[in-house]
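Undergrad: could you work out the structure for the sequence below:
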Amino acid sequence: MTTKAITPLRQRMIEDMNARKLCAHTQRSHIYSCKRLAAFLKRSPETATREDLRLFQLHLADTGMSICNRNRIMTGVRFLFRVTLRRLDLAAEIYHIREPQKVPQVMSPDEMRRLLAVASSVKVRVLLSLTYGCGLRAGEVVRLKVKHIDSAQKIIRIQRWSGFFNSTTLLALDLISSCRA
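TA: Predicted coordinates:
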């Protein structure tokens, strides 16, 4: 524990966080965020203006910090202004950045045709086609049994295990008929 004196603002913020039952990790994170703001301003955050907050957010972006960390820091600063200081005008100036959505890499139909062309057997070709065409996971394809395939109704029964839950999914079978050729 440090022997450094706690400022009245920090003490008030800690009391507000305790009153809201924020966990110790969240409290440390919020305090760290406010310390960063104070270091940037070179004065108490109580005296901050809209322009100061804007410049702080630009400073975080210029340092190359990840979007996740910038949002985490600004959450702590927002808590300070919204809850502890009751400066709703400044809390409204704090924005969060949406992280760009990462699109999963998917093989093109041409790449899939080339992969199927080098498949060693019909069984491997069918399994690869099911994986690609139905969007199955490797574990789901490996657990497939002949009894799960209903060619009359053209459906496949997939057992999906996710943690404690087991769900069944039915998939159309048009892909298998094209693999037989």
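Undergrad: just for this protein, where's the confidence low?
TA: Scanning the chain for pLDDT under 70 picks out the ranges 1-3, 159-181.
Undergrad: the same query, at a cut-off of 80, please.
TA: Per-residue confidence of the chain (counting by pLDDT under 80) places the weak regions at 1-5, 103-106, 130, 133-138, 149-151, 154, 157-181.
Undergrad: domain map for it?
TA: Per automatic domain parsing, the domain ranges recorded for the chain read 8-91, 109-179.
Undergrad: wait, which of the ones you listed is closest to Lys102?
TA: domain 8-91 (12.2 Å; C-beta to C-beta). Using the backbone N, CA and C atoms, a C-beta is placed for each residue, glycine as well.
Undergrad: what's the span of that closest one from first residue to last?
TA: 20 Å (C-alpha to C-alpha, to the nearest Å).
Undergrad: can you put the domains of the chain in a markdown table and add mean neighbour count?
TA: Below are the domains of the chain laid out as a markdown table (neighbours: other C-beta atoms under 10 Å):
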| stretch | mean neighbour count |
| --- | --- |
| domain 8-91 | 15 |
| domain 109-179 | 13 |
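Undergrad: make JSON lines out of the ones you listed and add distance to Pro100.
TA: Formatted as JSON lines, those follow (distance: least, C-beta to C-beta, whole Å):
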{"stretch": "domain 8-91", "distance to Pro100": "8"}
{"stretch": "domain 109-179", "distance to Pro100": "23"}
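Undergrad: that's all I had, so thanks and see you.
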